[in-house]
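1. Sharing a sequence plus its predicted fold:
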Amino acid sequence: MKQSATRLGLAAAALLLAAGSAAPAWALPSVTDPDAAVACQAFQPNGAGGWMATAPTTLDYNNGTALNISPGETFAPSQIIGGVEVVTTLERHCGNL
């Protein structure tokens, strides 16, 4: 009985290792990392990794979330709004400003 428990444990460990190595090495937007088209001209970096809206715009995320943004709104790193981290989206599309 102990031998079959050991085999089961080894099989489970092998499965976990195989599943972890099957993931791609690059980051792509997913349900847990939603993405939206961004009008970069409507945002400017405001230091410390944050961004500020300079014009009204809407971020329509691929997970169904739509954020209406007003001029003057600011976004800080790790700040979650509507279930998404807006700064990640802005950095992805507008980080070279």
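-> Looks like it came in fine. Residues are numbered from 1 along each chain as shown.

2. mind checking pLDDT for Val87?
-> Here the pLDDT value assigned to Val87 is 94.

3. Help me confirm that it is found in a helix?
-> Yes: assigned with DSSP: H, G, I helix; E, B strand; the rest coil, Val87 falls within a helix.

4. Point out where the chain drops to low pLDDT.
-> Low-confidence segments of the chain, defined by pLDDT under 70: 1-33, 97.

5. Provide a list of residues in contact with Gly83.
-> Applying Cβ atoms under 8 Å, 6 or more residues apart in numbering, we find Gly83 in contact with 34, 63, 65. (Each C-beta comes from the backbone N, C-alpha and C, glycine too.)

6. if we take these, which one ends up nearest to Pro56?
-> Thr65 (17.3 Å; Cβ to Cβ).

7. What is the burial count for that closest one?
-> 14 (other Cβ atoms under 10 Å).

8. so it makes contact with Gly82?
-> Yes: at 4.9 Å, Thr65 counts as touching Gly82 under the criterion of Cβ atoms under 8 Å.

9. wait, which of the contacts of Gly83 is closest to Cys94?
-> The nearest member of those to Cys94, counting by Cβ to Cβ, is Pro34 at 16.2 Å.

10. correct me, but that closest one touches Tyr61?
-> Yes: between Pro34 and Tyr61 there is a contact under Cβ under 8 Å: 4.2 Å.

11. Return every residue with contacts to both of the two.
-> In contact with both Pro34 and Tyr61: 84, 89, using Cβ under 8 Å, 6+ apart.

12. on that earlier part again, what's the closest of the contacts of Gly83 to Arg92?
-> Nearest to Arg92, judged by Cβ to Cβ, of the contacts of Gly83 is Pro34 at 10.8 Å.

13. on that earlier part again, and the contacts of Gly83 as JSON lines, adding distance to Leu90 and secondary structure?
-> Formatted as JSON lines, these follow (distance: Cβ to Cβ, whole Å; DSSP: H, G, I helix; E, B strand; the rest coil):
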{"residue": "Pro34", "distance to Leu90": "13", "secondary structure": "coil"}
{"residue": "Asn63", "distance to Leu90": "17", "secondary structure": "coil"}
{"residue": "Thr65", "distance to Leu90": "15", "secondary structure": "coil"}
